[in-house]
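1. Sequence first, then the predicted structure:
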Amino acid sequence: MSAARAPKRKDQFPGDEDSGLSSGHNGGVADASSLRVAVIGSGPAGIYAAEALVKQTDGNVHVDVFDRLPTPYGLVRYGVAPDHTSIKSIARYLQRVLEQPAVRFLGGVEFGADVTRDDLLACYDAVIYATGAMVDRHLGIPGEDLPGSVAATDFVNWYCGHPDAAGLDVDLSADSVAVIGVGNVAVDVVRVLAKSADELRATDVPDAVLTLLGGSGVRRIHMIGRRGPAQAKFTTKELRELGALPHAEVHVHAEDMELDPASAALAESDRHVRGNVAVMREWAGRPVGDLPRRLDLRFWLRPVEILGTDRVEALRLEHTTLNEEGRVVGTGTYETLPVGLVLRSVGYQSVPLPGVPFDPLAYVVPNDGGRVLGEDDRPLPGEYVTGWIKRGPTGVIGTNKADAAETVRALLADLTGRARERPSIEALLESRRVRAVTYDDWLGIDAGEIALARTLERGERVKLAGWEDLRNAYRPH
Ligand code: NAP
């Protein structure tokens, strides 16, 4: 499978000649005395930062929220599973922040290409980086790049209708699939694969995705943890959803549920582990039924090689155990699982931002409570960070709210004196012939998706998936 990359912005919107910023929903430019802050990234982390800025300054601020995409809400739109509608409804809360007079959305502006770090530091009193963690971590095993070995991040982008993934060549003809990892993303991927087209019809997945998922040949899904059930990262609520699927049955190997003393102690002391273990014990050793799909939760197996000549044919796994320090080690016993598709769901990773310090081991921007640190470990004036690129890809969406509030408190505490006159971002974008996608433009996309759902007689919204479809929803042809 391969993803089509986004076309360069200037090719994307030929003929766009002004910055487009005078025509936005709330396109007013701040009065010169108010603090001007640029937030890079319009996912929950960025929008919670905008909200905290407005709240902590009593509205005496102008916040520009930039995004590479023409659509706001980041992982709420392109990460939260389509059938998790109550989590998706967080978008309505984020929308109210974007609609505040002090906040402006500037979509389709790429940091590092259309605007640089130096540009933003000149035009704003402060910059907050909130670009999340958008790429997959690698397994580092042979065969990882074979066709049919797919990063969960790409697969999730595809079913969520991310424009970069619209061209992903998804082949669901295999009978057996392996999902590596036992976190909540793996659970999402397994659930989407296990659901029928009827169960997904009312969701916002693009129509082409619904057709492919509906025609899927997948019958058996193996979900694979390299440690034991007590060390699984998924949460009990999400795990239970697998047991409630009407057309799929879940199996757990009874021997995997025999916990070593350390794991048993963890299951006693940790509510989250206790819940997970109790649910999996219920499933362990259940007789095989006759539902169309089967999910096998496997533990104590680590992937060592993805096998195949032209595409994935099997996954070779080594049995594992925990050593005295609690680290996972191989036992030297192997098994080979015949599978035609491997989905690697082993966590997200942040990518460095051009010109901004980056810790290549922790994959975060080095920071102290949100203040970006330079090479000498001292805070860099005017630069802040929040969300996954600040603390790594952990926690739920709400975790970003307190995180953003901490960053904004640091930013405001650092301010000295009145904001000074600065060059205008509007003039800078215009000089580069970068036409930002305004909040009103986004509302055009929003309306297009709602209208499409009505036409197709499907749910509240159906995603417009490709760059061209998104563009056509707000630009006259
Ligand atoms: P995650 O929770 O960190 O899980 C990653 C999984 O991959 C773990 O089981 C990990 O095992 C495994 N793994 C890592 N490296 C591996 C390797 N080399 N070989 C085999 N397995 C490996 O990450 P995630 O699932 O991507 O989720 C990211 C965050 O988003 C989490 O905070 C999650 O809760 C959140 N999220 C929440 C929801 C929801 O609330 N519904 C939905 C989706 C995501 P080890 O533990 O052994 O490292």
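-> All right, it came through fine.

2. contacts and neighbour counts: CA atoms only from here.
-> Noted.

3. quick one, strands of the stretch 101-250 of the chain?
-> Taking DSSP state E, counting those that start in this stretch as the criterion, the stretch 101-250 of the chain contains strands spanning 103-106, 126-129, 135-136, 149-151, 176-180, 220-224, 248-252.

4. Let me know the pLDDT of Asp290.
-> pLDDT recorded at Asp290 is 89.

5. Give me the three-state assignment for it.
-> Assigned by DSSP: H, G, I helix; E, B strand; the rest coil, the conformation of Asp290 is coil.

6. burial measure for it, as a count.
-> Neighbourhood size, Asp290 [other CA atoms under 10 Å]: 10.

7. cool, Pro261 as well?
-> 9.

8. if I look at it, how far off is Gly326?
-> 12 Å (CA to CA, to the nearest Å).

9. Enumerate the residues of the chain near the ligand.
-> For the chain, the residues found near the ligand under the criterion CA under 6 Å from any ligand atom are 139, 180-186, 225-227, 232-233, 302, 345-348, 393-396.

10. pLDDT at the residue in the stretch 1-150 of the chain that the ligand sits nearest to, what is it?
-> Closest to the ligand within the stretch 1-150 of the chain is Leu139: 4.6 Å, counting by CA to the nearest ligand atom. Listed pLDDT for Leu139 reads 96.

11. Report the contact partners of it.
-> Arg344, Val346 (CA atoms under 8 Å, 6 or more residues apart in numbering).

12. and Asn66, how far is that from Gly395?
-> Residue 66: Phe, not Asn. With CA to CA as the criterion, Phe66 and Gly395 are 23 Å apart.

13. just Leu380 next, same as before
-> For Leu380, the distance to Gly395 - CA to CA - is 27 Å.

14. more neighbours, the two?
-> Between Leu380 and Gly395, counting by other CA under 10 Å, Leu380 is the more crowded of the two (15 against 11).

15. Give me the helices and strands touching the helix or strand where that one lies, please.
-> Using DSSP states H and E, Leu380 maps to strand 379-385. Helices and strands touching strand 379-385, by 3 or more CA pairs under 8 Å, 6 or more residues apart in numbering; DSSP states H and E, are strand 126-129, strand 367-368, strand 371-373, helix 399-414.

16. If we use 10 Å, what do you get?
-> Helices and strands touching strand 379-385, by 3 or more CA pairs under 10 Å, 6 or more residues apart in numbering; DSSP states H and E, are strand 35-40, helix 44-56, helix 117-123, strand 126-129, strand 367-368, strand 371-373, helix 399-414.

17. Pull out the CA atoms of stretch 156-175 and give them to me as CSV.
-> Output in CSV follows, covering the C-alpha atoms of stretch 156-175 (Å, rounded to 0.1, in the frame of the first residue of the first chain):
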residue,chain,number,x,y,z
VAL,A,156,-6.5,5.1,10.3
ASN,A,157,-5.9,8.1,8.0
TRP,A,158,-7.4,6.1,5.2
TYR,A,159,-10.6,5.1,6.9
CYS,A,160,-10.9,8.6,8.4
GLY,A,161,-10.7,10.2,4.9
HIS,A,162,-7.4,12.1,5.4
PRO,A,163,-6.5,13.7,2.1
ASP,A,164,-2.9,12.3,2.2
ALA,A,165,-4.2,8.8,2.4
ALA,A,166,-7.0,9.0,-0.2
GLY,A,167,-4.7,7.2,-2.7
LEU,A,168,-3.7,4.4,-0.2
ASP,A,169,-3.9,1.1,-2.1
VAL,A,170,-5.8,-0.9,0.5
ASP,A,171,-6.1,-4.7,-0.2
LEU,A,172,-8.5,-6.4,2.1
SER,A,173,-8.7,-9.6,0.2
ALA,A,174,-6.7,-11.6,2.7
ASP,A,175,-8.5,-14.1,4.9
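
18. Single out the most deeply packed of the strands of the stretch 101-250 of the chain.
-> Ranked by mean neighbour count, those are led by strand 103-106 with a mean of 29 (mean count of other CA atoms under 10 Å).

19. Name the single longest helix found in this structure.
-> When the chain is parsed with DSSP state H, its longest helix is helix 439-456.

20. what angle do the helix or strand following that one and helix 439-456 make?
-> Of the helices and strands lying after helix 439-456 in sequence (DSSP H and E), the nearest is helix 467-474. Helix 467-474 and helix 439-456 are oriented at 100 degrees to each other (axes from the mean of the first three to the mean of the last three CA atoms, to 10 degrees).

21. How about the contacts made by Tyr384?
-> Taking CA atoms under 10 Å, 6 or more residues apart in numbering, we find Tyr384 in contact with 39, 126-130, 365-373, 390, 404, 407-408, 410-411.

22. again, only this time at 8 Å
-> By CA under 8 Å, 6+ apart, the contact list for Tyr384 reads Ala126, Val127, Ile128, Tyr129, Asn367, Gly370, Arg371, Val372, Thr407, Leu411.

23. Quickly note the distance from Thr416 to the ligand.
-> Separation of Thr416 from the ligand (CA to the nearest ligand atom, to the nearest Å) stands at 36 Å.

24. which residues does Val135 bridge with?
-> Gln349 (DSSP bridges).

25. my guess is it contacts Ala152, does it?
-> No: with contact taken as CA atoms under 8 Å, Val135 and Ala152 are classed as non-touching, separated by 9.4 Å.

26. mind checking the backbone torsions on Ala254?
-> Main-chain torsions, Ala254, degrees, to the nearest 10: phi -60, psi -40.

27. which non-adjacent residue is nearest Glu383?
-> Distances taken as CA to CA, 6 or more residues apart in numbering place Val127 nearest to Glu383, at 5.1 Å, with adjacent residues excluded.

28. where in the stretch 351-477 of the chain is pLDDT low?
-> For the stretch 351-477 of the chain, the stretches with pLDDT under 70 are 417-419, 476-477.

29. Longest strand in this protein, please.
-> In the chain, taking DSSP state E as the definition, the longest strand is strand 328-338.

30. in the stretch 51-200 of the chain, which spans are helices?
-> Here the stretch 51-200 of the chain has its helices, by DSSP state H, counting those that start in this stretch, at 74-78, 85-88, 90-98, 117-123, 152-159, 184-194, 197-200.

31. Next, count neighbours for Asp359.
-> By other CA under 10 Å, neighbour count at Asp359 equals 12.

32. Give me the sheet partners of the strand holding Leu380 and which way each runs.
-> If you go by DSSP bridges, strand 379-385 pairs up with strand 126-129 (parallel), strand 371-373 (antiparallel).

33. Now the element after it, going C-ward?
-> helix 388-391.

34. Render the CA-only coordinates of that following helix in PDB, please.
-> The C-alpha coordinates for helix 388-391 follow below in PDB (Å, rounded to 0.1, in the frame of the first residue of the first chain):
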ATOM      1  CA  TRP A 388       1.900  15.200  22.000                       C
ATOM      2  CA  ILE A 389       4.900  17.000  20.600                       C
ATOM      3  CA  LYS A 390       5.500  18.300  24.200                       C
ATOM      4  CA  ARG A 391       5.000  15.100  26.200                       C
END
